[in-house]
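S.K.: Kindly generate the corresponding structure for this input.
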Amino acid sequence: MADQLLEQARDVVDGQIDFEGQKLAEVLQNVLLSVVGAVSFFVGFFLQDITLALKIGLAGTVLTFLAIVPPWPFFKQHPVVWLPVAGSSVSASHQNIVIDEKMLSQQ
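M.R.: Purely as a prediction, here's the structure:
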């Protein structure tokens, strides 16, 4: 029972996201920070209130942090499928690799 709970907790806080998730996180970060920066600037400019502009910018940065940093499930929708080790009886350090029909020996 405790092992199952620990495994579930590890899955939640593992932090592993796939490559498509990384791309999505980068796009979301750029869009969110740009929008928050523009809104902050225009509100501060039109109201002539630098304190309000800084508060809006800080709040937007915190919300962007909360949207991007945790490994949300939508960042893990395309898991990476790794190739199996050729010949499971051969250790990983002594594999023969074929590239462009040429045999390479990795040692």
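S.K.: So which elements touch the longest helix belonging to the chain?
M.R.: Across the chain, the helix with the greatest residue count (assigned by DSSP state H) is helix 19-47. In terms of contacts (3 or more C-beta pairs under 8 Å, 6 or more residues apart in numbering; DSSP states H and E), helix 19-47 is packed against helix 50-68. For every residue, glycine as well, the C-beta is placed using N, CA and C.
S.K.: For the helix it packs on, give the mean pLDDT please.
M.R.: The predicted model gives helix 50-68 an average pLDDT of 96.
S.K.: Can you verify my assumption that residue 43 contacts residue 53?
M.R.: Yes - look at residue 43 against residue 53 with C-beta atoms under 8 Å: they come within range, at 6.0 Å.
S.K.: Looking only at neighbour counts, state which of those two leads.
M.R.: Under the criterion of other C-beta atoms under 10 Å, the comparison of residue 43 against residue 53 puts residue 53 first, with 20 against 15.
S.K.: could you measure that one against residue 65, distance?
M.R.: When C-beta to C-beta, to the nearest Å is the yardstick, residue 53 and residue 65 sit 19 Å from each other.
S.K.: Kindly report the same for residue 100.
M.R.: Shown here: residue 100 relative to residue 65, a distance of 45 Å by C-beta to C-beta.
S.K.: So which of these two has more stuff around it?
M.R.: For the pair residue 100 and residue 65, the greater number of neighbours falls to residue 65 (12 against 5), based on other C-beta under 10 Å.
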